[in-house]
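Q: Need coordinates for the following:
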Amino acid sequence: PLTGAFDVVARAVGRNMAAGVAELDSLLRGEATIDLSARRDTGGTQLRSLEIRAASLSVQASGKIASEGSDLAGEVAFADLGALGAGYGGALQGKARLTGSLTEGRATLEDVGNGLRIGQAQADRLLRGQSALSLVLALKDGAVQVETARLDNPQLQASATGVLQGEVQTLDLTARLQDLGLLLPEFPGALTITGRAVQEVGGTTLDLRAKGPGQIDASVTGKVAAGFGAADLDIKGTGQAALVNAFIAPRAIAGGLRFDLRLNGPMQVSALSGSVVLDGGRLSDPALGFALTGIAARAALAGARAEV
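A: Below is the predicted model:
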């Protein structure tokens with residue numbers, strides 16, 4: 001009779017495979033292998049070993065899969081992310097474990113990266129040195145709870161701790177960029193973000209605060225709809241107008257900003273209303289050959305239009 005039982009040892013070898021994704025195609029250039037050893041009986045499936053190797057990537061997993069409870073563990077070693085293509089680099093090592101069932105279980109992840117690069121200048125600056133990532137998830141009645149999450153490297157520290165009550169998950173968030181000057185050279189100093197996110201069926205309620213150089217003191221409060229298609233958010237605070245200079249070069253602007261905005265509707269400029277005030281402003285443009293100083297202006301935003 002058919003019982004679903006098996007005992008298998010298998011190997012698959014591929015050469016120069018392609019999936020239509022540039023990074024994956026680069027990784028699969030040359031030989032890639034999968035080795036599997038597994039046994040299934042009435043007690044469940046015993047994964048004796050699973051090994052995947054491609055270029056500088058190695059993945060290993062083993063454990064037991066059963067309806068009453070599983071225990072799976074795995075490790076990944078990526079000796080050179082340059083195998084993904086130009087712009088990528090560094091090394092990554094990690095381990096993960098899943099215990100329990102899909103209705104009552106626990107998952108942990110620990111990764112360490114060294115000299116990571118993804119080909120984006122600003123992100124690469126933030127990833128210099130050693131980066132450590134840890135994540136603990138709990139599965140309760142099919143819902144995923146973030147118990148703890150942490151990212152730590154010399155430039156950036158971010159963490160989240162969560163509590164799940166029924167269908168409501170509360171996350172307390174903190175993040176600190178040691179030097180905003182890495183992204184905006186005119187504004188050295190630490191940028192901090194703190195707050196809370198409460199996620200439920202209808203969406204996520206935010207209460208966030210940012211403080212840092214350039215007179216940054218801003219808050220974001222309100223609710224984002226499930227799927228992030230719409231929101232009702234109040235965005236208030238102060239900052240230096242020069243914070244935008246990196247995006248409008250070679251033009252430059254200076255002066256103090258105050259803003260009191262509301263985003264109510266789809267995540268588009270047309271849903272933004274409120275006011276932005278510039279005090280003691282200065283605007284220069286090399287193409288004009290002169291600068292405007294002593295600017296005092298107020299812009300009223302509504303329906304994707306600004307009245308100054």
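
Q: nearest spatial neighbour of Ile65, skipping sequence neighbours?
A: Distances taken as C-beta to C-beta, 6 or more residues apart in numbering put Thr45 closest to Ile65, at 4.4 Å, once the chain neighbours are dropped. Yep, even glycine has a C-beta here, placed from its N, CA and C like the rest.

Q: in which helix or strand would I find the one you found?
A: strand 44-54 (DSSP states H and E).

Q: now stretch 14-33, how far from the centre of its chain.
A: Using C-alpha atoms, centre = their mean, to the nearest Å, the distance from the centre of stretch 14-33 to the centre of the chain it belongs to is 26 Å.

Q: can you give me the mean pLDDT across it?
A: Regarding stretch 14-33, the rounded mean pLDDT is 93.

Q: Kindly report the same for stretch 137-153.
A: Mean predicted confidence for stretch 137-153 is 90.

Q: cool, stretch 230-244 as well?
A: Stretch 230-244 shows an average pLDDT of 95 in the prediction.

Q: Go through that stretch and flag the buried ones.
A: Buried residues in stretch 230-244, defined by neighbour count with 16 or more other C-beta atoms under 10 Å: Ala230, Ala231, Asp232, Leu233, Ile235, Gly237, Gly239, Gln240, Ala241, Ala242, Leu243.

Q: Next: stretch 140-151.
A: By neighbour count on 16+ other C-beta under 10 Å, the buried set for stretch 140-151 is Gln145, Val146, Glu147, Ala149, Arg150, Leu151.

Q: Wait, the residue nearest to Ile65 touches Arg39, no?
A: Yes: at 7.3 Å, Thr45 counts as touching Arg39 under the criterion of C-beta atoms under 8 Å.

Q: and the next element down the chain from the host helix or strand of Leu139?
A: Here Leu139, judged by DSSP H and E, is contained in strand 130-140. Under the assignment DSSP H and E, the closest C-terminal helix or strand after strand 130-140 is strand 143-152.

Q: could you give the angle of whichever helix or strand comes after that next one to strand 143-152?
A: Following strand 143-152 in sequence order, the next helix or strand is strand 156-165 (DSSP H and E). Angle of strand 156-165 versus strand 143-152, following axes from the mean of the first three to the mean of the last three C-alpha atoms, to 10 degrees, is 160 degrees.

Q: between strand 156-165 and strand 130-140, how big is the angle?
A: 10 degrees.

Q: For whatever helix or strand Leu257 lives in, give the mean pLDDT please.
A: Under the criterion of DSSP H and E, Leu257 resides in strand 252-266. Average pLDDT, strand 252-266: 94.

Q: repeat for stretch 270-280
A: 93.

Q: got it, and stretch 36-53?
A: Across stretch 36-53, pLDDT averages out at 94.
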